[in-house]
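*Asks:* I need the structure of the sequence given here:
(chains A, B, C and D)
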Number of protein chains: 2
Amino acid sequence: MRYSRQREMILNALKNNPVHPTADYLYGLLRPKMPALSLGTVYRNLNMLAESGAIKRLRGAGGKDRFDHNNFDHCHVICKNCGRVRDIMLPPALARGLAKFKADAPVSAQECEILLHGICRDCKKKIKETKK
Amino acid sequence: MRYSRQREMILNALKNNPVHPTADYLYGLLRPKMPALSLGTVYRNLNMLAESGAIKRLRGAGGKDRFDHNNFDHCHVICKNCGRVRDIMLPPALARGLAKFKADAPVSAQECEILLHGICRDCKKKIKETKK
DNA sequence: ATCAATAACAGTAATTATTACTATTAGTGT
DNA sequence: ACACTAATAGTAATAATTACTGTTATTGAT
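*Replies:* Prediction:
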């Protein structure tokens, strides 16, 4: 895997974004700075980076794949309504227990993904208000 | 949601299958018994059943959604190579800790999904052998 | 610095999973 | 038995992602 300006830009955009962007979102974000950027390039690079372990792929957030560059041990909360994804920390004791569980699992070289699907507080409020 | 023979067949097929089938797989399985069955019907019913909580949707197993009718508390191991999904139990202590964590999470009405992505033992063997 | 080899690119076409649409069928309460 | 309408079959449409092709840019060696 050799250097490319496009990949650097993509990785930077991912690092500087609090959201967990989709390929399409990153494409839209970078297009103004790099008018010749191609969506296929964004996909290819995100795949390469995820494959190499440099970033994480979050599947299941409303059909689209999302990406996360954070390496610290955390899990994700996904709103079924707005699709927003947020980081959430596991309590240390749980994290330790899970690490042990992972080590004993019948798959090697694995990555553990914990997803909480639900309705976030903002959406819950909105839904209540529209019901009134 | 009123009864339909198609939905009954789909749910039964799901119950009697150790794999975590995709919509397409169930369609292929049921087609011989119900030649008029439509793929759209399979999708619609799986969505309805998942929505109502009767079954679980597993996102992220290689792009395709998979479905699981088991209601007991368990998580999933996905092989990156063959795509197979298996059930795995959490140790009771971990399950308890996780339940508490879930209850405190900033989303309501949530569902927790724990996925371990990795290479299963069968595939690991195969890969080793082809390398020889 | 120049150059050859080729990884990565842009642009576009193709694929694949899933959803939407419409006329018809079948489950359900009266 | 009948009317109401949810659910269906069949097909068309959508949306995310991947594949393909000719061109560009990075890299290691001369």
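*Asks:* can you pull out the strands in chain A?
*Replies:* Per DSSP state E, chain A carries strands over the ranges A:56-61, A:64-68, A:74-79, A:85-89, A:107-120.
*Asks:* how about TSV for these, with mean pLDDT added?
*Replies:* Shown next, in TSV, are the strands of chain A (pLDDT from 0 to 100):
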stretch	mean pLDDT
strand A:56-61	80
strand A:64-68	91
strand A:74-79	85
strand A:85-89	88
strand A:107-120	79
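*Asks:* okay, now the nearest residue to residue A:52 once chain neighbours are set aside: neighbour count?
*Replies:* The spatially closest residue to residue A:52, leaving aside those adjacent along the chain, is residue A:1, at 6.7 Å (C-beta to C-beta, 6 or more residues apart in numbering or on different chains). The C-beta positions use only the backbone N, C-alpha and C, and glycine is treated the same way. The local packing of residue A:1 (other C-beta atoms under 10 Å in any protein chain shown) involves 10 other residues.
*Asks:* circling back to that earlier point, got a markdown table for the strands of chain A, with distance to residue B:95 and mean neighbour count too?
*Replies:* Formatted as a markdown table, the strands of chain A follow (distance: least, C-beta to C-beta, whole Å; neighbours: other C-beta atoms under 10 Å in any protein chain shown):
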| stretch | distance to residue B:95 | mean neighbour count |
| --- | --- | --- |
| strand A:56-61 | 21 | 20 |
| strand A:64-68 | 25 | 20 |
| strand A:74-79 | 15 | 21 |
| strand A:85-89 | 18 | 16 |
| strand A:107-120 | 13 | 19 |
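*Asks:* so for DNA strand C, which of those sits nearest?
*Replies:* strand A:56-61 (9.9 Å; C-beta to the nearest atom of the strand).
*Asks:* so which of the strands of chain A gets nearest residue B:24?
*Replies:* strand A:56-61 (17.6 Å; C-beta to C-beta).
*Asks:* and stretch A:79-98, end to end?
*Replies:* 24 Å (C-alpha to C-alpha, to the nearest Å).
*Asks:* residues of it that come out buried?
*Replies:* A:79-81, A:85-86, A:90, A:94, A:97-98 (16 or more other C-beta atoms under 10 Å in any protein chain shown).
*Asks:* contact residues of chain A facing DNA strand C?
*Replies:* A:1-2, A:4, A:6-7, A:34, A:36-41, A:44-45, A:48, A:63 (C-beta under 7 Å from any atom of the strand).
*Asks:* tell me the domain ranges of chain A?
*Replies:* A:1-70, A:72-132 (automatic domain parsing).
*Asks:* could you tell me the least trusted of these?
*Replies:* Among those, domain A:72-132 has the lowest mean pLDDT, at a mean of 81.
*Asks:* any part of it near DNA strand D?
*Replies:* No - Domain A:72-132 does not reach DNA strand D (C-beta under 7 Å from any atom of the strand); its nearest approach is 9.9 Å.
*Asks:* how far out from the middle of the chain is that domain?
*Replies:* 11 Å (C-alpha atoms, centre = their mean, to the nearest Å).
*Asks:* of all the domains of chain A, which one is nearest residue B:30?
*Replies:* Across the domains of chain A, closest to residue B:30 is domain A:1-70 (C-beta to C-beta), at 24.4 Å.
*Asks:* for the closest one, measure first residue to last.
*Replies:* 21 Å.
*Asks:* check stretch A:84-95 too.
*Replies:* Stretch A:84-95: ends 23 Å apart by C-alpha to C-alpha.
*Asks:* who touches it?
*Replies:* A:19-20, A:58, A:61, A:66, A:68, A:70, A:73-79, A:98, A:114, A:116, A:120, B:94, B:97-98, B:101, B:105-106 (C-beta atoms under 8 Å, 6 or more residues apart in numbering or on different chains).
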